[in-house]
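K.L.:
what follows is a predicted protein model with its sequence.
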Amino acid sequence: MLEQSADSEAMADEDEMDLSGLYWTSPGEMPREDAHKNLAEAIAGRQPDQVKLFSASAFEIPSAFPAGFFDVAIDMATHEACGVYRAYRGGNDYATKPEWFPSKLMDTDQIFGEVYDRLMKSGFFDWYFHGGRPGEPVDQSAAVNGV
């Protein structure tokens, strides 16, 4: 929003919120059989009773248009987590490649935020939503589940 100065100049409001990106619902536990192939492969070598899976629906800001899902695996024994951004397009189930990171002092919401931040830094969302070209290479070979 622009404010007007005493000299009639338009000035940017310093408290203006960034209305771009994604937001997500509160994470809920997800059954293993609902995990995308990429996430299932990432947790394959871990103890099943020590890994919890969560999912949250993602929406675009400011339109609130459904954008996809964040699915996260948390290894409670090693204090590591990984996650994928997942979307259905043209009848296919696509997901990014997961990357494990330390999660010892994080709650579930912080872990979802970390997955989002890592994808933002990689340039994935610029490529995915805007057709932009990220500064660094992005693994754009999102695997299709079951194809």
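P.N.:
Yep, it's here. These numbers were taken from a predicted model, which means no experiment stands behind them.

K.L.:
for the residue nearest to the spatial centre of the chain, which three-state class applies?
P.N.:
When Cα atoms, centre = their mean is applied to the chain, the residue found nearest the centroid is Tyr116 (3.7 Å). Following DSSP: H, G, I helix; E, B strand; the rest coil, Tyr116 is assigned to helix.

K.L.:
same question, Phe125
P.N.:
Assigned with three-state DSSP, Phe125 falls in the helix class.

K.L.:
for Glu33, same thing?
P.N.:
Here Glu33 is helix, with the state taken from three-state DSSP.

K.L.:
and the gap between it and Leu105?
P.N.:
Distance from Glu33 to Leu105, counting by Cβ to Cβ, to the nearest Å: 30 Å. The way it works is simple: take the backbone N, C-alpha and C, and place the C-beta from them, glycine included.

K.L.:
which parts of this protein are helices?
P.N.:
Remark: helices assigned in the chain by DSSP state H are 37-43, 108-122, 124-130.

K.L.:
ok, and what's touching the longest one?
P.N.:
Applying Cβ atoms under 8 Å, 6 or more residues apart in numbering, the set of residues contacting helix 108-122 from outside is 21-22, 24, 26-27, 54, 56, 70, 72, 74, 81-85, 96, 99, 101, 103, 106, 125, 134, 136, 138.

K.L.:
per-residue confidence averaged over it?
P.N.:
For helix 108-122, mean pLDDT is 92.

K.L.:
cool, and stretch 31-45?
P.N.:
Stretch 31-45 comes out at a mean pLDDT of 95.

K.L.:
what's the end-to-end length of that stretch?
P.N.:
Start-to-end span of stretch 31-45 (Cα to Cα, to the nearest Å) is 17 Å.
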